[in-house]
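>>> Got a predicted model here, sequence first, then my questions.
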Amino acid sequence: MKIFYRIYQLCIVLPIFLVLTLLTALTTIIGSLIGGARVWGYYPGKIWSQLTCYLLLLPVHVEGREKLDKHTSYVFAPNHQGAFDIFLIYGFLGRNFKWMMKKSLRKIPFVGKACASAGHIFVDRSNPKGMLATIRQAERSLTNGVSLVVFPEGSRTQDGSLGTFKRGAFQLADDLQLPVVPVTISGSFDVLPKSAKWVRRHRLVLTIHQPIPPHGKGPENVKALMEETYEAVAKGLNTIS
């Protein structure tokens, strides 16, 4: 059965995925120029992500959307199991949002330009002014329920376990006084771990936890947000496993 699924990936899914990716990038770039990034920076990517999961016959389960208020902007903080975290969040989170991503991703042909046109936030970690520019861009973008998604681990896990959280997402939430929403992703590591070349069929689960409001402002708030978020994400992983 595995060999037939690999043939299906190579001969059917891959060509369709490449065409979909190019069309999504072009639609995002042109649409954002004409009609604005709020709609065109989100919905083409959402459809692209959903179609990718459906084409690969991956079952998806989402829990906890009812905990969110549609008029509130949040900082979503999911764990980072693998490449399919992108498709799972973009396609099934159900919220208009901006990614916070490494500046180097802007160099990817078509995709980098599409992300810039969509208003996603590129982080320059090489100097303090880069973080200040990130905060300013976030202030302009995160209004009327538009949220931010940041992987607090920074990079994908090597072995499926939950890594150490970095302060960036929580510092940003503190600066903007936004609630943080812990998100547990499960199954993505089983679908496509960092070192794998072939997709494996496995159930994807996206669990949205209760939003954590700011506890004041400053270092203590950042620490509390980070600790509570880590605990919620880890508990979600233990519950699912």
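In hand now; what should we look at?
>>> Helix or strand next in line after the lowest-mean-pLDDT helix or strand in the chain, which one?
Using mean pLDDT, DSSP states H and E, the weakest-scoring helix or strand in the chain turns out to be helix 128-141, at a mean of 65. Counting by DSSP states H and E, the next helix or strand C-terminal to helix 128-141 is strand 147-149.
>>> Give me the helices and strands touching that next one, please.
Using 3 or more Cβ pairs under 8 Å, 6 or more residues apart in numbering; DSSP states H and E as the contact test, the elements touching strand 147-149 are strand 75-78, strand 97-102. All C-beta spots, glycine's among them, are computed from the backbone N, C-alpha and C.
>>> count of residues packed around residue 168?
18 (other Cβ atoms under 10 Å).
>>> check contacts around the closest residue to it other than its chain neighbours.
Leaving aside its sequence neighbours, residue 168 sits nearest to residue 150 (Cβ to Cβ, 6 or more residues apart in numbering; 6.7 Å). Residues in contact with residue 150 (Cβ atoms under 8 Å, 6 or more residues apart in numbering) are 75, 76, 77, 99, 100, 168, 169, 172.
>>> got it, and residue 184?
When contacts are counted by Cβ under 8 Å, 6+ apart, residue 184 touches 78, 79, 205, 206, 207, 209, 232, 233, 235, 236, 237, 240.
>>> And residue 67, by the same measure?
So residue 67 contacts 181, 208, 209, 210, 211 (Cβ under 8 Å, 6+ apart).
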